[in-house]
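*Asks:* Need a 3D model of the sequence below.
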Amino acid sequence: MKKKYFGTDGIRGQVGEAPITPEFMLRLGWAAGKVFSDAGKGRILIGKDTRISGYMLESALEAGLVSAGVDVSLLGPMPTPAIAYLTRTFNAQAGIVISASHNPYYDNGIKFFSGTGEKLDDEIEHAIEAMLDQPMEVVASDQIGKVSRINDAAGRYIEFCKGCYNASENLKGKRIVVDCAHGATYHIAPSVFRELGAEVIEIGVEPNGLNINEQVGSTEPHFLQRAVLDSRADFGVALDGDGDRLIMADHEGQIVDGDELLMIVAGYQKDNGTLQGGVVGTLMSNFGLELCLKNEGIPFVRADVGDRYVLAELQANDWQLGGESSGHMLCLNLTSTGDGIVSALSVVEAIVDSGKSLQELKGRMTKFPQTMINVRCHKAVVNTEEVKAAVAKTEETLAGKGRVLLRPSGTEPVVRVMVEGEDANLVENLARKLSVVVENAVA
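*Replies:* Now for the predicted structure:
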């Protein structure tokens with residue numbers, strides 16, 4: 001059954017427009033409180049990123065939850081993965097994140113974690129949506145929930161992150177640029193690397209409620225690249241606004257993306273015998289990653305785009321390592337959800353123990369040129385005979401040294417035409433020819 005409010009990553013939209021309004025958040029808090037308190041009075045944690053609207057949405061959710069009889073613990077600005085971790089350690093029934101991740105400040109959203117620190121099952125999201133349609137009835141006055149603040153949340157999470165670093169040496173002698181995107185990691189990430197011994201150059205650590213992700217962070221890494229060069233750093237780390245994505249830069253300021261980072265961690269774990277099974281990527285993972293892992297003897301499968309689909313595939317195979325090109329990596333041997341800081345530490349571990357630079361480790365994989373063209377059309381055209389024939393002809397031209405992907409957008413009438421291969425000019429020409437066939441096809 002299609003969900004009305006929940007998307008692939010919670011509920012998200014522009015602040016002030018439904019459903020990201022105080023009225024809806026009040027009802028959402030109440031509905032979630034009713035669903036999670038079925039087994040008795042519970043406790044739910046709330047954390048947020050640095051958007052100015054977080055104050056408003058936090059207050060509304062808090063009021064809704066306590067009106068349903070649920071106790072609330074406030075964490076303040078904290079990375080999304082920190083809320084997953086703290087939900088587990090405090091044995092809470094659920095955790096709520098107020099964040100729109102890498103989006104601009106005027107967007108916001110709500111993500112839920114279960115008591116085990118994982119994203120909610122579809123059944124629970126359906127149950128919350130069903131409760132939203134019910135009359136909002138406040139519990140008796142003596143049953144109203146209480147609200148408290150967890151003042152040592154940041155310190156607890158910093159210690160957890162440090163505990164995920166298991167290299168043979170600390171980071172003494174390493175100079176690292178850390179870009180926190182003026183987001184939720186601004187008071188966390190620099191401390192983690194500094195307390196592990198590194199010299200840290202901080203950027204993106206002055207949030208004002210309006211500048212989250214603005215020209216900084218994993219989606220805008222040019223400042224990271226410049227800072228690495230200017231400071232002669234060993235490498236740089238860029239996180240997004242809520243701290244679950246990671247992009248890095250080597251000592252020459254060259255970007256190391258999610259596919260390359262995933263390859264580095266997978267290769268390191270294989271070399272030291274800690275890799276469990278294989279690796280899960282997505283439909284958008286670069287073909288170079290697939291070939292590199294194949295050459296290393298590491299199984300690789302693709303999931304649909306979205307970390308929840310990567311997680312589902314990992315769980316189905318009983319594997320632990322997966323991720324997306326965007327830098328959203330899952331290290332299930334360390335934590336239950338995507339965590340930019342933990343992912344960075346996994347890469348740094350490979351750097352320290354191998355004695356190689358990030359640039360040298362990146363060289364283990366050769367990325368294939370990729371061209372993507374968005375074609376405005378009905379998604380049904382991908383199943384027409386003329387489009388299927390054009391795809392087959394394109395794949396024949398690539399001769400097993402590339403791939404073709406037609407991916408309908410889930411939010412607009414667009415089909416993404418993507419071609420990868422060894423020759424950049426050939427790839428671009430094939431993508432353009434195929435996009436014309438898709439554009440002219442009749443569904």
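
*Asks:* Grab the nearest non-local neighbour of A441.
*Replies:* In space, and not counting its chain neighbours, A441 is closest to V381: 4.1 Å by CB to CB, 6 or more residues apart in numbering. In this view, the C-beta of every residue, glycine as well, is placed from N, C-alpha and C.

*Asks:* my bad, M136
*Replies:* In space, M136 is closest to W30, 5.3 Å off (CB to CB, 6+ apart).

*Asks:* Kindly list the main-chain dihedrals of the one you found?
*Replies:* phi -60, psi -50 (degrees, to the nearest 10).

*Asks:* ditto for T21
*Replies:* phi -130, psi 160.

*Asks:* May I have stretch 194-213 as CSV, with CA atoms only?
*Replies:* Provided in CSV are the C-alpha atoms of stretch 194-213 (Å, rounded to 0.1, in the frame of the first residue of the first chain):
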residue,chain,number,x,y,z
ARG,A,194,41.8,15.7,17.2
GLU,A,195,41.4,13.4,20.2
LEU,A,196,42.8,10.6,18.0
GLY,A,197,45.9,12.6,17.6
ALA,A,198,45.5,14.5,14.4
GLU,A,199,46.1,18.2,13.7
VAL,A,200,42.7,19.4,12.5
ILE,A,201,41.9,22.3,10.2
GLU,A,202,38.2,23.1,10.7
ILE,A,203,35.8,24.5,8.1
GLY,A,204,32.0,24.6,8.0
VAL,A,205,31.8,24.8,11.8
GLU,A,206,29.9,28.1,12.3
PRO,A,207,26.2,27.3,11.9
ASN,A,208,23.8,30.2,12.1
GLY,A,209,20.6,28.3,11.2
LEU,A,210,20.6,29.5,7.6
ASN,A,211,24.0,28.4,6.2
ILE,A,212,23.8,24.6,6.5
ASN,A,213,25.3,22.9,3.3
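
*Asks:* picking that back up, tell me if I'm right that the residue nearest to M136 and L65 touch.
*Replies:* Yes - contact criterion CB atoms under 8 Å: W30 and L65 qualify, at 7.1 Å.

*Asks:* what about the helices in the stretch 101-250 of the chain?
*Replies:* Along the stretch 101-250 of the chain, counting by DSSP state H, counting those that start in this stretch, helices occupy 122-132, 153-163, 189-195, 222-231.

*Asks:* buried residues in the third one?
*Replies:* Buried residues in helix 189-195, counting neighbours by 16 or more other CB atoms under 10 Å, are found at A189, P190, S191, V192, F193, R194.

*Asks:* Then the second one?
*Replies:* Burial within helix 153-163, assessed by neighbour count using 16+ other CB under 10 Å, is assigned to A153, A154, R156, Y157, I158, F160, C161, K162.

*Asks:* Give me the most central residue, this protein.
*Replies:* By CA atoms, centre = their mean, the mean C-alpha position of the chain lies nearest to H328, the distance being 4.0 Å.

*Asks:* Need the pLDDT of that one.
*Replies:* With respect to pLDDT, H328 scores 96.

*Asks:* and the closest residue to it other than its chain neighbours, how far is that from A312?
*Replies:* Excluding the flanking residues, the one nearest H328 by CB to CB, 6+ apart is G338, at 4.6 Å. Distance from G338 to A312, counting by CB to CB, to the nearest Å: 14 Å.

*Asks:* Those two: which is more packed in?
*Replies:* G338 (27 against 16; other CB atoms under 10 Å).

*Asks:* Report whether the more buried one is found in a helix, as I expect.
*Replies:* No - applying DSSP: H, G, I helix; E, B strand; the rest coil, one finds G338 to be coil, outside a helix.

*Asks:* Please name the residues that touch D9.
*Replies:* S101, G109, K111, G306, D307, R308 (CB atoms under 8 Å, 6 or more residues apart in numbering).

*Asks:* top of these by neighbour count?
*Replies:* S101 (27 neighbours).

*Asks:* Domain parsing of this protein, as residue ranges.
*Replies:* Here the domain parsing of the chain from automatic domain parsing is 11-151, 156-248, 256-338, 370-440.

*Asks:* Among those, show me which one is buried the most.
*Replies:* Comparing the domains of the chain by mean neighbour count (mean count of other CB atoms under 10 Å), domain 156-248 ranks first with a mean of 22.

*Asks:* Between the two ends of that one, how far is it?
*Replies:* 25 Å (CA to CA, to the nearest Å).

*Asks:* And stretch 185-192, by the same measure?
*Replies:* End-to-end distance (CA to CA), stretch 185-192: 10 Å.

*Asks:* Equivalent analysis for stretch 236-252, please.
*Replies:* 10 Å.

*Asks:* before we move on, what about stretch 114-132?
*Replies:* Distance between the two ends of stretch 114-132: 19 Å, counting by CA to CA.

*Asks:* now what about it, what contacts it?
*Replies:* With CB under 8 Å, 6+ apart, stretch 114-132 has contacts from 1, 3-6, 27-28, 30-32, 34-35, 84-85, 87-88, 91-95, 111-113, 308, 311, 335-337.
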